[in-house]
Each structure stands twice: as structure tokens, then as C-alpha cells.
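1. next input, structure requested:
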Amino acid sequence: SSFWLMTLLTDMKYFFSFDSGMLYGPRLLISHVGGSVTINCYYLTTSVNRHGRKYWCKESRGACQTVISSNRFTLQDYSGRVSINDRPRKGLLQVTMTHTLGEVCLFVCLFRRLLCCPIRRSLGAAHNNK
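-> Numbering: from 1, shown residues only. Below is the predicted model of the structure:
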């Protein structure tokens, strides 16, 4: 089973949702709009997992647009703002985003094209909950 991850940028809270059995990591990270955030996703260190390609993508119209991947691709809009660091011996995938914005979107970590950890970032929800 899965549980949700929601980011309220105006409240500077990051909640993470992970698909059970694939990845695990922190449930709360703190950042400021314009600051930076690092997401640590851990995975089992099997040979397939260590050598598999990892992605971080942004939901767009029901599809997942790759923002950055471990094969050195970075979406132009995020160039210079996002980095990915795969540490296969530790079973650790780190995604860092700097200059965070108040955009409303869903970011997702992908592992060998399998959904691992959905991350919802919602500026509108933060305003509605106040």
C-alpha cells in the first residue's frame, strides 16, 4: 500500500509518500520558497536496482515528464536547479532542487520506470488550509 506526500510551500513543509517495498525515506523535510530541498530515497542494493536508471519526473496532463535522470538528462526548465546523485553501494538516490518555487505540481521519483515515491507540491492547498 501507499501513503500520500504533500508539500505546502507557504508553510514550508514537505510530506512524502512512498510505494511500499520499493523505496523509503523521510516523511518531513523543511525548506523555504527560494531555498533548496534534498529528497533521499533508499532502495534495496540488488544488482538490478544498483544498475537501473533512476528518474525524477513532474506530472503533466496525466503523464510523467522527466525532470532529471541518472543518465545525465535534465529538463531545460530545471537546468542548474536540480541534481540527482545515485549511490548504488548505499542504495541511496538523492534529488536536490534549489531555488524552489511556489508551483503547483506533483513530482515523482521513478526507479526503472516503476513508481516509487510520489511527492505532491501544492501552493493552493496551503492557502486553503489557513
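
2. which residues of this protein fall in strands?
-> Counting by DSSP state E, residue ranges of the strands within the chain are 6-8, 13-15, 28-30, 36-42, 54-60, 63-69, 82-87, 92-98, 105-111, 114-121.

3. Thr38 reaches Val95, doesn't it?
-> Yes: if you go by C-beta atoms under 8 Å, Thr38 and Val95 touch, sitting 7.0 Å apart. (Glycine included, C-beta is placed from N, CA and C.)

4. looking at the two, which has the bigger crowd around it?
-> Val95 (23 against 14; other C-beta atoms under 10 Å).

5. any idea what that one is bridged to?
-> Beta bridges link Val95 to Ile39, Ile84, judged by DSSP bridges.

6. could you check the pLDDT of it?
-> With respect to pLDDT, Val95 scores 87.

7. against Arg61, how distant is it?
-> Distance, Val95 to Arg61, by C-beta to C-beta, to the nearest Å: 22 Å.

8. also Tyr55?
-> Tyr55 is 18 Å from Arg61, by C-beta to C-beta.

9. can you check Ile68 too?
-> Ile68 sits 20 Å away from Arg61 when distances are taken as C-beta to C-beta.

10. Ile39 now?
-> For Ile39 relative to Arg61 (C-beta to C-beta), the value is 23 Å.

11. when the two are compared, which one has more neighbours?
-> Ranked by neighbour count (other C-beta under 10 Å), Ile39 and Arg61 place Ile39 first, with 21 against 5.

12. count the residues that sit near Val48.
-> With other C-beta under 10 Å as criterion, Val48 counts 8.

13. likewise for Gln65?
-> Using other C-beta under 10 Å, Gln65 has 12 neighbouring residues.
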